[in-house]
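Enquirer: Any chance you could fold what I've pasted below:
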Amino acid sequence: LTALNLPFTIDQAALDAMLQHLQHVRRVEVGTFKLTLSKSDAACSWHRLVLHCPKQVCVRALAHLPLQQLREPLVIKATTLSMPDSVTTEAEASELAQLAEQNLARLASGYQAECLSGCKSSHGASVPALLRLMPRFLQSSSLSVS
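Expert: Presented below is the predicted three-dimensional model:
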């Protein structure tokens, strides 16, 4: 098994199991991730990761995913970049946005955002952090808005 296509949300337990038991998987395509703990430094066999997010990609997923071993650009197919509902202060939002930016910067092959056209937050406090992250995110991406 070298490729995995899971068109639904992967939670923390599923990601942990994938990293522990599926060490020969090279290509992963998923709906999205809902993570609570960072695995950004975890050993990972993935060479390609595609996020087919139905509507939005969460900044927390971008901050917590193990991306450093990807050999191909990370592909993000989503309409919006979002902050998790649990982030309620500007300080929390800024910290999470910074972690996402640092994790994305570790990608040797970069990343590609398709159809990303805005940002969303349930709490007004996190909107400035998203807005600061969004331009840098888009500048580093091959943006194709449809």
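Enquirer: Assign Phe33 to helix, strand or coil.
Expert: Assigned by DSSP: H, G, I helix; E, B strand; the rest coil, the conformation of Phe33 is strand.
Enquirer: correct me, but it touches Ile10?
Expert: Yes. At 5.0 Å, Phe33 counts as touching Ile10 under the criterion of CB atoms under 8 Å. For the C-beta atoms, the positions are set from N, CA and C on the backbone; glycine is no exception.
Enquirer: what touches both of those two?
Expert: The contact sets of Phe33 and Ile10 do not overlap (CB atoms under 8 Å, 6 or more residues apart in numbering).
Enquirer: so where is this structure shaky, pLDDT-wise?
Expert: 115-146 (pLDDT under 70).
Enquirer: go with 90
Expert: 1, 53-59, 73, 75-94, 97-98, 101-102, 104-146 (pLDDT under 90).
Enquirer: Give the partner strands of the host helix or strand of Pro7 in its sheet and their orientations.
Expert: Take DSSP states H and E as the rule and Pro7 turns out to sit in strand 3-11. Strand pairing for strand 3-11, determined by DSSP bridges: strand 27-34 (parallel).
Enquirer: What residues sit buried inside the partner strand?
Expert: Val28, Glu29, Val30, Thr32, Phe33 (16 or more other CB atoms under 10 Å).
Enquirer: Counting by contacts, list what the next helix or strand after that strand packs against.
Expert: Counting by DSSP H and E, the next helix or strand C-terminal to strand 27-34 is strand 48-52. Packing contacts for strand 48-52, counted by 3 or more CB pairs under 8 Å, 6 or more residues apart in numbering; DSSP states H and E, involve strand 27-34, strand 74-77.
Enquirer: Mind putting those strands into a markdown table with distance to His64?
Expert: Shown next, in a markdown table, are the helices and strands packed on strand 48-52 (distance: least, CB to CB, whole Å):
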| stretch | distance to His64 |
| --- | --- |
| strand 27-34 | 8 |
| strand 74-77 | 13 |
